[in-house]
Structure formats: structure tokens, C-alpha cells
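Trainee: Got a predicted model here, sequence first, then my questions.
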Amino acid sequence: MDYCIKGNDIIVSEPDLDLDETLDCGQAFRWKKIPSDYSCTYTGSFVNDCLTVSELKKGEFIFHNVSENYFLRKWLDYFDFNTNYSELKKSFSEDETLAKACKFAGGIRLLRQDSWECLISFIISQNNNIPRIKGIIDRLCENYEGRFPEPEEFSAETPDSLSYLRSGFRAKYLCDAAQRVSSGETVLRDIASMPIEEARAELKKIKGVGPKVAECVLLFGMYRTEAFPVDVWIKRVLSEYYPNGFPAFAKDNAGIAQQYLFHYIRNLQTANV
């Protein structure tokens, strides 16, 4: 990744980034595609810091109204720009199916999200689709004057007081998560550094956090790249392409590999690679 400063903006050159593939693939839910004079523009938030980013041309992006210090402190890490995805895809491509997946959606990157926001987002995601997840999170933030609530303030909520979210059975799980985190019973920072099996077990102590949600929080909210969320699409991948197990050479970054496979298998009919 290279960047330069142009007025109040940061211009980033990164061939391994596609905004649609990265920001609208179901790993984060506070990004919206908006009309603009550019080929593609998204606006969104990370820990309540807002950003508008556009694609100038393939592999070149403009981070609007962002100082160099702010870009380096916040967004460089969030977009995982210090990881060489070209090398990752090259290593993944030792496997035929992963090679096809990387070729089909080579612009996917892992977003390094806040663990608390990620936990709440993926509790909401259970048996839900992306537009509805975004709608629930939008209503949550609107209720807190445009901010994602901190655990301490959110812990005062009850399933009844969260009725405005229209989140159904998930409301009681959201309350349990907030109360555990705000009380210190669940310490997300500690979980992030635990051995992976211990981390999984700790997350699953939260009501409503099963294996898939735990893996998503570990991968997207704690950057545990060995975490491997399994949904119906990945079950299909494992059954059809890896009946003898996922390739051992990719296991340390299995979560990143999963992102390519997930996008590929969902779009297999149009993936002419």
C-alpha cells in the first residue's frame, strides 16, 4: 500500500482492495454505498469515527477529509493495510478451489473492527439478512444520537426497552452481552489474547453466542485469523471441496481464506474462473 496527501484527502494505492467486496460482504454493517461522481463511494463508521471513501479507479482510492495522522492512526489498521494480501492470495492459490476464489473476488480484505461493536453486530446477525441487520444497527445508533452505545450505557437496557430495534428474540441476548461486558464478567481484551479454544469457550458463555457468532467475533473483532466461521455456504464448501479437511497450509489464516470462499460459493454461477 502506498499513499500520498492531496489537499485535505489521502490518496491510497492498493491493488488488493475492492470497496464493494470488502465493505458490503457481511463482515461489517455500518457502511452504506452512496451516490457520487466517483465509480464507487461508501460512508461509514468505526468506533463512531466517520469516513467517506471513494474509488478513483481500480486500485486507487480517496479517503475524503482525512489528515495524514488520522489516516495512520485509525484507518491504516482498520483496512488492514499492513498485511500483504497479494502474498496471502499467492499462498492460498496452492489449492485449486482457493485459487479460483481469490481470482473471483481478489479485492476482499479483513476489516479490523472493534470487538464490542462486533459482538453486538453478530448477535443481531443470527438468522438474519444483511439489509435487516443494518436496519437494526441503524436504529440502535439513532437512539444513541448517532453513536454506537458503550457497554456501560447499553447495560441499562431491557428487552422491553429495546423493542424499537425490532430485533425479536435477540434483544435478551444483547442485554446479557452488555451486562457481562459492562460488569467486567466478560473482558473482551483478555479474550482476544487467549488460546483460541479458551477464547471460544469464554465468548460462548454469553447468551446467544454459539459457535458461528463466536468465530465471527474472534475473526472480525479480534483479528484472530485462525478463526473460521461456518454457515450454510461454508458447510457446502467444506462438503464439496474439502471432504478430507481444510488445507493445513492455510489454517493460520483460515478466516481470511474463508472470506474469499464465502464470496465465491455464493456467486458460483457467475464465477467463470
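Mentor: Cool, got the structure. Residues are numbered from 1 along each chain as shown.
Trainee: Identify each buried residue in the strand or helix carrying Glu55, please.
Mentor: Per DSSP states H and E, Glu55 falls inside strand 49-57. Across strand 49-57, burial judged by 16 or more other CB atoms under 10 Å covers Leu51, Thr52, Val53, Ser54, Glu55. C-beta here means a position set from N, CA and C on the backbone, and glycine is covered the same way.
Trainee: The closest residue to the last one other than its chain neighbours and Leu188: what is the separation?
Mentor: This means Glu55. For Glu55, ignoring the flanking residues on the chain, the nearest one in space by CB to CB, 6 or more residues apart in numbering is Cys40 at 4.2 Å. Cys40 is 32 Å from Leu188, where distance means CB to CB, to the nearest Å.
Trainee: neighbour count winner among those two?
Mentor: Leu188 (21 against 16; other CB atoms under 10 Å).
Trainee: so that one touches Ser182, yeah?
Mentor: No. Judged on CB atoms under 8 Å, Leu188 makes no contact with Ser182 at a distance of 11.3 Å.
Trainee: mind giving me the domain split of the chain?
Mentor: 2-82, 115-222 (automatic domain parsing).
Trainee: Would you format those domains as JSON lines with mean pLDDT and distance to Thr97 included?
Mentor: Converted to JSON lines, these look like this (pLDDT from 0 to 100; distance: least, CB to CB, whole Å):
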{"stretch": "domain 2-82", "mean pLDDT": "96", "distance to Thr97": "18"}
{"stretch": "domain 115-222", "mean pLDDT": "97", "distance to Thr97": "20"}
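Trainee: Compare the ones you listed and give me the one nearest Ala248.
Mentor: Across the domains of the chain, Ala248 has its closest neighbour in domain 115-222 (15.7 Å, CB to CB).
Trainee: Touching stretch 195-203 from outside, list them.
Mentor: By CB atoms under 8 Å, 6 or more residues apart in numbering, the residues outside stretch 195-203 that reach it are 119, 186, 191-192, 194, 209, 211, 213-215, 217-218, 222, 224, 226-227.
Trainee: which stretches of the stretch 1-150 of the chain form strands?
Mentor: With DSSP state E, counting those that start in this stretch, the ranges of strands along the stretch 1-150 of the chain come out as 2-6, 9-13, 32-33, 40-46, 49-57, 60-63.
Trainee: would a markdown table of these with distance to Pro131 be doable?
Mentor: As requested, these are arranged in a markdown table below (distance: least, CB to CB, whole Å):
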| stretch | distance to Pro131 |
| --- | --- |
| strand 2-6 | 33 |
| strand 9-13 | 28 |
| strand 32-33 | 11 |
| strand 40-46 | 15 |
| strand 49-57 | 21 |
| strand 60-63 | 25 |
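Trainee: State whether Ala105 and Asp18 are indeed in contact, as I suppose.
Mentor: Yes. Between Ala105 and Asp18 there is a contact at 7.4 Å, judged by CB under 8 Å.
Trainee: before we move on, back to that, Lys89: which of the domains of the chain is closest?
Mentor: So among those, domain 2-82 is nearest, using CB to CB, at 7.4 Å.
Trainee: from the chain's centre, how far out does the closest one sit?
Mentor: 14 Å (CA atoms, centre = their mean, to the nearest Å).
Trainee: which element is Ala214 on?
Mentor: Per DSSP H and E: helix 211-216 holds Ala214.
Trainee: Show residues contacting that helix.
Mentor: Helix 211-216 has contacts (CB under 8 Å, 6+ apart) with 118, 122-123, 125-126, 199-200, 203-204, 227-231, 255.
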